[in-house]
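Engineer: structure of the sequence below:
(2 chains)
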Amino acid sequence: MENTINSAWIKKLFEKSSDITIRPIKINQNNITAHLFCVDGLVNQELFDEAVLKSIKFDSYLADCRTERETIDYLLEGGAYDAFTTEVSDYQKLLKNVLSGMAALIFDAEKKAVVYDLRKFEKRSIQEPTEENVMKGSKESFIEVLRMNTALIRRRLRSEYLVIEQLYAGRLSKTDIALVYLSNIANANTVNKIRSIIKSIDIDNVSTPAFIEEYLVENKLSIFPQIMYTQRPDRVSANLSDGRIALVVDGIPFVYILPCQLPMLMQSPDDYANHFLVGSSLRVIRYISMILTLFLPAFYIAATTYQNQMLPVQLALSTQAAKQNVPFSSAVEVLGLLISFEILIEAGLRLPQAVGTAMSILGGLVVGQSAVAANLISPAVVVIVALAGISGFIMPNQDLSSGIRLTRFVMALLASFAGFFGLAAGLILLVTHLCSLDNYGTAYMSPFVDVEERNIKDTVFRFPVKYFIKRPEDVAGQNSIKQGTGRADR
Amino acid sequence: MKRLFIATLCLLQLSLCACSNDMNRRELDEINLIHIMGIDYSDGMYVLTAVFSSGQGADPEKNPSGSEDVSEGKGATPFEAFQDLKLKNKKTVSIANTGYFLIGETAAVEGIETCLDFLSRDETVKMESLVFITQGVNASYFISEGMKNGKMIHEDLEAVEQKLHELVTRIDNTLVNILNEMEDDLSGLLIPYLKTGEDSFNIGGYAVFDGLSLADYLDIDTSAGINIIKNIMRTYPIYLKKGVSLSVSSLKSRMKTELEEGLVWVDIHVDFESMVREVNTDEDIFRVEEQNTLTRLQNAYIEDILKKAVDYSKDTGRDILNIGRIIRNRYAKEWSGIRDEWKDMVPDIQYELHVRSRIAKSFILGNRR
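Structural biologist: Prediction:
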């Protein structure tokens, strides 16, 4: 009884829920009574009247149906004024459909239900991406509604090979997840692996993106992001064309892309919107910034505490002059200021925007200036930490930025323990760790660690588009040719 | 596997901490960074004079001068003097950032290897530091003159270095070059010397060493001759008697050396271009005939300079052009036979000088008179 479709049982199940509607509807004179089952607020009332009530009451053919089976068959064969009408015989599926906003007519004798997709709920309109804005290019970004997001992808890839598989996770939340890939390009093993991981997720509630991410990430101890997210449909379609796989999660306004490699996280949509030389220079600046933000504070500590011969004469003299009368060691100065910097960022995020700006000015300028004037920190350290901090925010991916920020502390600590020896040890550990990461069969540091020359054309430098003839071999399972050489056009 | 990884990490950290105890951890502001060091010899003692900055602090308004301080150390050897210097200083003394070493005349006469030995064994010393000889005076006097009236001596020495860069394409008086030259007993060691002027320092020419002791000072022209033959001259002024001045803009020289029947023949070919810099004559020097005359004159001018260098070598028997090294490398077999007699052979070296030139970029303004 509990696992079959029955209106009495469902009514009992939801008797304390005021938003659940279960009421009988007499269909015709043959004493066929169905039970309407829906959630108030999730169903489009106008569509409901038109597609369900009107068709039941005024359809003369329906009056001729003598059994529930005949009625269901008639409704599915066009009697229902809704293109997305389906028959459901599984109790769990019925619950999931209705709780996600569909309406159902329950036929107790048949232990079946006819489900109408009449969902309508308040949602955000499609807006400009907040994190990945570009000067030239699409201004659309994903929203919290899964179907809208898959539509945005479908609109860009009008291919019959585009597959949007529907999965769900969360025992209570039953969150919809769409597994999106191009079946003629994507690696089937990777698709299967991701599908089985999602099916194996056994948690109550997928309330934050991190829940999904943690299941999908292969090396959970690493602080470097192994899954890329984007707000931009055009970016998803580009990655799908390369053979990658996208995951659209209902309620999350961005889409995950797998497998992910470090160079992907250093790319920005702007790189492709500009001339390839401009795009390449922007990328070079980004890589330089990554090096600066990782190593500059540590380098300063090592050079001013241990191996001061590393500094050019004039720089050593000016740094020494600036450090006079400061009571703290360079390590304490740098680490203290780095922590203060993180506190400022965290406080700025939590406060309302207007107060946040005022606090940034107060924290960054007034306190910083006063600390220098009071000889608590040297001006050189302020410059070093500010430069490292700003460089960290140039990273196009916030997860990567956070990972690098944390690594920066480790490097600074190692440098304060052992100078350049510590820094070198940290660098070796970091490179070893990054090179050891494997992401769904592809190296995280690919294509830097590849022998394939073709993969390097879109890394530190962005080659002209005509050179992107082949897809990354380790990502795309089949169909490696991406485009023609373009010679025929000339 | 995980345990092994964590254990390795911990071990690494421990070893790093252990290392830090032995890595001379010293904050930058706890060190007196010597940026100029003078080395003198007087009364049987070596005297080191160190110039270092007295910092301004974080607030430059409180102590705007950022002046220089001087400290001295004495000892029987330069290293002993350096230890004395360290003892006399309140802070740790470091030569890791020393950019200039000034060697007084008496110390240079006593032997440059003694002066520089302790530096060559210091792992922190900057090998690109420049070494100069102070002509006729001790380095300490030179330093004190340079710091008179609140002047900053290191700024003067930076200006000297800048001038050197303007004159030559390669600076050979770096510590590493001099140490290398000292190892080769054939090299005629040459180190630039500085003269104290009215209110500044001037670059003289080269100080010539006999073995490793200071022997003589070359004038500017002879030194320029050496630079031309070594193919490191960047620019050089030519003053002709006709009231025309030119400057060498592009110079190439090559030296061909041959050993025949115990006699060394050296062909020196110099090709250069010059630009007209000054015309104080009524003659139209931009006519072809005049141009040819000027070319001949400037060839003779440069040839004279080369001759000065060559004649000095022949007259004194000092192989300042490093011909011996070329012969050794080219005629390794014959070299073993003449090695011991080389110093006697230097005056007999036969030089042939070939100078060719062209006046370029001279017709822009024409003759304005």
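Engineer: by proximity to chain A, which residue of the stretch 201-350 of chain B wins?
Structural biologist: Relative to chain A, the nearest point of the stretch 201-350 of chain B is residue B:201 (18.2 Å; Cβ to the nearest Cβ). C-betas here are computed from N, CA, C, even on glycine.
Engineer: and the stretch 1-150 of chain B, by the same measure?
Structural biologist: For the stretch 1-150 of chain B, Cβ to the nearest Cβ, closest residue to chain A: residue B:96, 3.4 Å.
Engineer: quick one, what contacts the residue of the stretch 201-350 of chain B closest to chain A?
Structural biologist: If you count contacts by Cβ atoms under 8 Å, 6 or more residues apart in numbering or on different chains, residue B:201 has them with B:142, B:146, B:156, B:157, B:159, B:160, B:194, B:195.
Engineer: picking up where we left off before, quickly note the distance from the residue of the stretch 1-150 of chain B closest to chain A to residue B:126.
Structural biologist: 7 Å (Cβ to Cβ, to the nearest Å).
Engineer: thinking again about what came up before, quick one: residues contacting the residue of the stretch 1-150 of chain B closest to chain A.
Structural biologist: A:308, A:309, B:33, B:124, B:125, B:126.
Engineer: who wins on neighbours among those residues?
Structural biologist: residue B:33 (26 neighbours; other Cβ atoms under 10 Å in any protein chain shown).
Engineer: contacts only, for that residue.
Structural biologist: A:308, A:313, A:316, A:317, A:320, B:52, B:53, B:94, B:96, B:97, B:98.
Engineer: how's the chain carved up into domains?
Structural biologist: By default, I'm working from chain A. For chain A, automatic domain parsing gives the domain ranges A:7-116, A:146-260, A:272-439.
Engineer: not quite, go with chain B.
Structural biologist: B:21-217, B:228-360.
Engineer: pick the most buried one from the ones you listed.
Structural biologist: domain B:21-217 (a mean of 18; mean count of other Cβ atoms under 10 Å in any protein chain shown).
Engineer: sorry, back to before: wasn't the residue of the stretch 1-150 of chain B closest to chain A part of a helix?
Structural biologist: No - with DSSP: H, G, I helix; E, B strand; the rest coil as the criterion, residue B:96 is coil rather than part of a helix.
Engineer: that one and residue B:78: what is the separation?
Structural biologist: Distance of residue B:96 to residue B:78, given as Cβ to Cβ: 17 Å.
Engineer: sitting in strands, which of the contacts of residue B:201 do you find?
Structural biologist: B:194, B:195 (DSSP state E).
Engineer: any chance of the contacts of residue B:201 in JSON lines, plus pLDDT?
Structural biologist: As requested, these are exported to JSON lines (pLDDT from 0 to 100):
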{"residue": "B:142", "pLDDT": "88"}
{"residue": "B:146", "pLDDT": "81"}
{"residue": "B:156", "pLDDT": "85"}
{"residue": "B:157", "pLDDT": "88"}
{"residue": "B:159", "pLDDT": "88"}
{"residue": "B:160", "pLDDT": "89"}
{"residue": "B:194", "pLDDT": "92"}
{"residue": "B:195", "pLDDT": "87"}
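Engineer: tell me the one of the contacts of residue B:201 nearest residue A:481?
Structural biologist: residue B:159 (63.9 Å; Cβ to Cβ).
Engineer: now stretch B:122-132: average pLDDT?
Structural biologist: Stretch B:122-132 shows a mean pLDDT of 90.
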